[in-house]
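Visitor: quick one, structure for this:
(2 chains)
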Amino acid sequence: MQDLPSPRPVAPAPGSRVEVQSQFDFTGLRPAVVSAGLKYRRPKVWSYFFEAKPELLARKPLAPRRAESQAAPPSGEASTGQAAVTESSPPRPKQHTRIKPPGDVVKLSERLFYLLQPPLEYLLAGNTMEFPFEPFPYQFSGLAFLFPRNAAVLADEMGLGKTMQAISTVRMLLRSQQARKVLLICPKPLVTNWMREFKTWAPEVPVAPIKGSQSTRQWLWAADQSPVKIANYELLTRDQEFLLEQEYDLVILDEAQRVKNADNATSKVVRQIKRRRSWALTGTPVENSIDDLVGIFDFVSPGLVSKGMSVRQIRDGVSDHILRRTKDVVMSDMPPKLIRDDALDLTPEQYESYKSAEDSGVLKLNALGDEVNIKHVFELVLRLKQVCNFDPATGASSKLERLAADMEEVAASGQKAIVFSQWVGALDQIAERLPQFNPLQYHGRIPSNQRDGILAEFKQNPNRHVLLMSYGAGSVGLNLQFCRYVFLFDRWWNPAIEDQAINRAHRIGVSGAVTVSRMIMTETIEQKIHEILEAKRQLFREILSDNQVPPPLGLNPDEIFGLFNLRTPKGMITARVA
Amino acid sequence: MLILNQWGRPVEFHCSAPLNPTRTQEVLFGTTLKSFLFCEQIATALLEQTKQTPEVILVDRLELLDFHAQTEVPLVLVSREQQPLPNRIWNGRVSIPRSIEDWEVIAVVAPGSELPVLAAIADFATQLPLDEPFERIRSAMEEAHAVAR
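Guide: Numbers count the residues shown, from 1 in each chain, chains lettered A, B, ... in the order given. A predicted model of the protein is given here:
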C-alpha cells in the first residue's frame, strides 16, 4: 500500500543537500475565515435623577418584611399558592389621573419628572392627607392641572369646587416643599369662607387672614410665619408698601375677574407682587369681552396675550393655562337646574307709574340731544327697573304677590329659598311684607362679622324659609346648596353674575333639582334687558367653546340706546356696561 | 429603567438609545436575540448607570428574566396572565410563580430570599397596581422620543 504523502510539506534535514519534491502541496489551501461581529457596543444611556423631596404625604412605606407565618412555601418549591397579601387592602382607585407637564415646561428632565409621578389618586390616598369627602374624578383632574403649573386659570363653572381644588393643590405643594409661602387674595366677604374651607380641606395647614389695624397688618405681612395668608382685594392698595416687600411662591386670585381691568389700582398692585406661581380662580373669565381674559392673564402670565390679538390667537395662547369644566359635562348625575321665566304684568298702579316715568324720561333724553350719554340712559333704566319691582307711590308689586304665593309652597314643603335683588331697599320691602317666612337678609349693609351667623341661622333654623341677598354680597363664594329655590326678583346686567348667584344653591352637594325663577315684567325695560342678556349668555358659551370664533361681546352703545329706541348720537360713546 | 422609592415616586430614570440588530446577528442569535439585547445589552447598560441599587426589579417581559445572569437583584415578572414557566435552569436561583392581587408573577430569586421579595411585592401591590409603573415608563419614552425627533 502506497503511503499517503504527508499533507504538510516536509522540511529537508539540516545539512542535507537533497531536496525532495513533495507530490502534494497544500500550502495556501487554508479556508478563509470570516468573523461575524456579534458584539455590540453598549448602547448610550441617558439618566435622570430626581431630587429626593419630602413626600407629598406621610404615607406608610412598603411594610417591613413579612413575618414567617405569612410565608410563601419553602424555598426552592415552585407553587401556585396565594402569596402573602396585606390583610386589609385599601380600595383601589378606579381612575388614574396623571400629572401632565404643562406646555411651558421645556426641559425634558422636568417633563419626565411629572410624567413619572404615580397617578394622583395614589399620591393622595395616603394615610395623613385625608379628604373629608371623596373628590370627584374631574376634581382630581383639576389638581393634576394646577399642581405643575406656574401660570394657571381654573375657570370651572360655579359650584364645581374650585376652592377645594385650589386648597388641595396648595396642600400638595406645601407638603412637597414646592411652595412655602402662599398668598390668597379674595373679596372681603369671602375671607371667612376661605378660612372655613381651609379648615375642612387642609386642617393641618396654618392660615393667617390679613386683618386688623395697620400695625397689626404690617406685622402679619412681614413676620407671621403661616405658610398661607389670605388677604382681601380691598386692602391691597392700602397695604401695598408691606405687600410688595414680600416674595411668594404662589399667589392665587379668587374671583379673578376683579383684575380684568388692568388699569384699576388693585390690578396694578396685584401685578407687582413678587411671585413664582400665579393662579387665578374664576367662574367667569369672560364677563363682557375677551379683554377680560387678557386682563386676568396680565397677572397670570404677563405678556402671554395682549389686547388687539385676535380671539383665535388669544385662545391658542392661553389654552394650556386655562381649565374650564361645566356642570352639564362633569356632573351628568347632578340634579338639574330648572330655569323658569315668570313673565308678569305690572299692576295698574305700577303701570301708571312706569308709563309716566318712561315718557318723561325719554322726553328728557331726547331733549338732551347730542349731549345724551350712557349715564343718562342708565339712570332712566334704573328708575324703570325700580318701578318694575314696586310702585313707588303705593308699594304695589306683581313680583311680590307672585313671590308670596311661591313662598307659600316653598315653606309648606319645608324647603328654603334665596331671593336676589340688586337693591337693598327692595330687599327691605320684601322682608317687611313677608314676615310669615321669617326672612333673613344678607347684603352690603350687614356687617362682615355678622354674616356667617346669618348663614348658619338660615341653614339650621327650619323656620327660616327665605334669605334675601343682594347680588353684590351673595353672588360669590357661598355654599347654600341646601336651598332648592332661587328667585331673581330683578335682573343683573351681566348674566355671569346671575349665574354666580344661582349657583350658590345649584352646586355640589345639592340634594335635588334647583328651581330658578327669573321675574320679568312684560313689555317693560326688563323684557328688553332679558333678551339682551340671553344673547350675551350665548356669546359667553361660544367664547369658551373650542370650535367657534365668538363675535364681539357686551351691550354696545347702540343696544343701550336701543332700549328706548334712541339712536346713537353723533360722536363716539366709549363707556362699557360693566 | 425607573427606580421608585417606597412610596412609588420616581428617584431615577434611565433610558438607552435604540439598538438595531443586523441580519447576521438575527440569524446567529436566533431565538436568543431578544434575551441578549434586552438583558446583556440594554438592561445591563441601564443598571450600570444607577446610583442606587434596587431591592427588586420588576419586569413585564418574559425575556427579561434572563437578566438574572447579569445581576444579583431579585427579578419579578409581572403579568396579567399566567406565563409558562421558562424551561430553563436558573443557575443558583429559583423561580417562584405566584398570584398577587390581580397579577401573576414569577420571581427569580436566590434560594431562601423569596419570602421577603414576594412580601414586598404584595405590599407594593396594595399601594399601586403592579403594572402601573410600566405605564409611566412608556409615556416617558414617548416624551423622550418626541423630543428626540
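
Visitor: contacting residues around stretch A:394-414?
Guide: A:342, A:344-350, A:388-391, A:416-417, A:419, A:429-430, A:433-434, A:436-437, A:462, A:465-466, A:484-485, A:487, A:489-490, A:517, A:519, A:521 (CB atoms under 8 Å, 6 or more residues apart in numbering or on different chains). Using the backbone N, CA and C atoms, a C-beta is placed for each residue, glycine as well.

Visitor: scan the chain for its longest helix.
Guide: Going with chain A. helix A:348-368 (DSSP state H).

Visitor: my question was about chain B
Guide: Max-length helix for chain B by DSSP H is helix B:132-148.

Visitor: re the thing from before, which parts of the helix or strand following the longest helix of chain A count as buried, going by neighbours?
Guide: Next helix or strand after helix A:348-368 toward the C-terminus (DSSP states H and E): helix A:374-389. If you call a residue buried by 16 or more other CB atoms under 10 Å in any protein chain shown, then helix A:374-389 has these buried ones: A:374, A:377, A:380-381, A:383-389.

Visitor: show me which of the residues you listed is closest to chain B.
Guide: Closest approach between those and chain B, by CB to the nearest CB: A:I374, at 52.8 Å.

Visitor: where does the closest one land on pLDDT?
Guide: At A:I374, the model reports a pLDDT of 78.

Visitor: please point out which parts of the longest helix of chain A sit buried.
Guide: For helix A:348-368, by 16+ other CB under 10 Å, it's A:349-354, A:357-358, A:361, A:365.

Visitor: redo those as JSON lines? Include distance to chain B and pLDDT.
Guide: Below are these laid out as JSON lines (distance: CB to the nearest CB, whole Å; pLDDT from 0 to 100):
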{"residue": "A:E349", "distance to chain B": "70", "pLDDT": "94"}
{"residue": "A:Q350", "distance to chain B": "65", "pLDDT": "94"}
{"residue": "A:Y351", "distance to chain B": "68", "pLDDT": "94"}
{"residue": "A:E352", "distance to chain B": "72", "pLDDT": "94"}
{"residue": "A:S353", "distance to chain B": "68", "pLDDT": "95"}
{"residue": "A:Y354", "distance to chain B": "65", "pLDDT": "94"}
{"residue": "A:A357", "distance to chain B": "66", "pLDDT": "92"}
{"residue": "A:E358", "distance to chain B": "65", "pLDDT": "90"}
{"residue": "A:G361", "distance to chain B": "65", "pLDDT": "87"}
{"residue": "A:L365", "distance to chain B": "63", "pLDDT": "80"}
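
Visitor: what's the spacing between the residue nearest the centre of chain A and A:N503?
Guide: Chain A has A:L154 as the residue nearest its centroid, 3.0 Å off, counting by CA atoms, centre = their mean. Per CB to CB, to the nearest Å, A:L154 is found 15 Å from A:N503.

Visitor: so the residue nearest to the centre of chain A makes contact with A:K162?
Guide: Yes - taking CB atoms under 8 Å as the definition, A:L154 is a contact partner of A:K162 at 5.3 Å.

Visitor: so where's the chain shaky on pLDDT?
Guide: Picking chain A for this. A:1-29, A:36-40, A:52-94, A:124-129, A:159, A:328, A:331-334, A:474-478, A:507-511, A:536-578 (pLDDT under 70).

Visitor: nope, chain B please
Guide: B:85-90, B:149.

Visitor: ranges for the helices of it?
Guide: B:23-29, B:33-35, B:44-49, B:114-127, B:132-148.

Visitor: between those, which gets nearest to A:V286?
Guide: helix B:132-148 (32.7 Å; CB to CB).

Visitor: that older thread, show residues contacting the longest helix of chain B.
Guide: Residues contacting helix B:132-148 (CB under 8 Å, 6+ apart): A:46, A:96, A:98, A:101, A:108, A:111-112, A:115-119, A:122, B:2, B:4, B:8, B:10, B:13, B:15, B:58, B:60, B:78.

Visitor: next step: those restricted to strands.
Guide: A:46, B:2, B:4, B:10, B:13, B:15, B:58, B:78 (DSSP state E).

Visitor: distance to A:I532 and neighbour count added to those, as a markdown table?
Guide: Formatted as a markdown table, these follow (distance: CB to CB, whole Å; neighbours: other CB atoms under 10 Å in any protein chain shown):
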| residue | distance to A:I532 | neighbour count |
| --- | --- | --- |
| A:W46 | 59 | 16 |
| B:L2 | 57 | 20 |
| B:L4 | 58 | 20 |
| B:P10 | 54 | 23 |
| B:F13 | 56 | 26 |
| B:C15 | 58 | 22 |
| B:L58 | 62 | 21 |
| B:V78 | 62 | 21 |
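
Visitor: just these now: which is nearest A:E234?
Guide: Using CB to CB, the ones in strands among the contacts of helix B:132-148 come closest to A:E234 at B:P10, 44.1 Å.

Visitor: for that closest one, list each beta-bridge partner.
Guide: B:L4 (DSSP bridges).

Visitor: give me every residue that touches it.
Guide: A:50, A:113, A:116-117, B:2-4, B:136.

Visitor: of all these, which comes closest to B:I96?
Guide: B:L4 (22.0 Å).

Visitor: surely B:L75 touches B:L65?
Guide: Yes - assessed by CB under 8 Å, B:L75 is found in contact with B:L65 at 5.8 Å.

Visitor: shared neighbours of those two, anything?
Guide: Joint contacts of B:L75 and B:L65 (CB under 8 Å, 6+ apart) are B:59, B:108.

Visitor: bridge partners for the residue nearest in space to the middle of chain B, pull those for me.
Guide: The centre of chain B sits closest to B:V59, judged by CA atoms, centre = their mean, with a distance of 2.5 Å. Note on B:V59: beta-bridge partners B:L77, judged by DSSP bridges.

Visitor: verify the stated contact: it with B:S79.
Guide: No - with contact defined as CB under 8 Å, B:V59 does not count as touching B:S79 (9.7 Å).

Visitor: coming back round to it: the contacts of stretch A:394-414 in strands, which ones?
Guide: Using DSSP E, those in strands are A:342, A:344, A:417, A:419, A:466, A:485, A:487, A:517, A:519, A:521.

Visitor: what bridges to the third one?
Guide: Following DSSP bridges, A:A417 is listed with bridge partners A:V466, A:Y485.

Visitor: if I look at it, how far off is A:G395?
Guide: 21 Å.

Visitor: neighbour count for the two, which is higher?
Guide: For A:A417 and A:G395, the more surrounded residue by other CB atoms under 10 Å in any protein chain shown is A:A417, and the numbers stand at 24 against 13.

Visitor: surely the more buried one and A:V486 touch.
Guide: Yes - when contacts are counted by CB under 8 Å, A:A417 is listed as touching A:V486 (6.9 Å).

Visitor: closest point of the stretch 201-350 of chain A to chain B, which residue?
Guide: Counting by CB to the nearest CB, the stretch 201-350 of chain A gets nearest chain B through A:D320, at 15.5 Å.

Visitor: residues touching that residue, list them.
Guide: Counting by CB under 8 Å, 6+ apart, A:D320 makes contact with A:102-104.

Visitor: can you tell me how far it sits from A:V300?
Guide: Taking CB to CB, one finds A:D320 at 12 Å from A:V300.

Visitor: kindly report the same for A:S310.
Guide: 20 Å.

Visitor: next one: A:D254
Guide: A:D254 is 13 Å from A:V300, by CB to CB.

Visitor: likewise for A:T326?
Guide: Counting by CB to CB, the gap from A:T326 to A:V300 is 21 Å.

Visitor: looking at these two, which is more packed in?
Guide: A:V300 (25 against 16).

Visitor: residues contacting that one?
Guide: A:151-153, A:278-280, A:321 are the contacts of A:V300 under CB under 8 Å, 6+ apart.

Visitor: neighbour-wise, which of those residues leads?
Guide: With neighbours taken as other CB under 10 Å, the top of these is A:A280, carrying 29 neighbours.

Visitor: do I have it right that that residue meets A:I296?
Guide: Yes - using CB under 8 Å, A:A280 makes contact with A:I296 at a distance of 5.2 Å.

Visitor: can you pull the residues that touch both of these two?
Guide: A:153, A:253, A:256, A:259.
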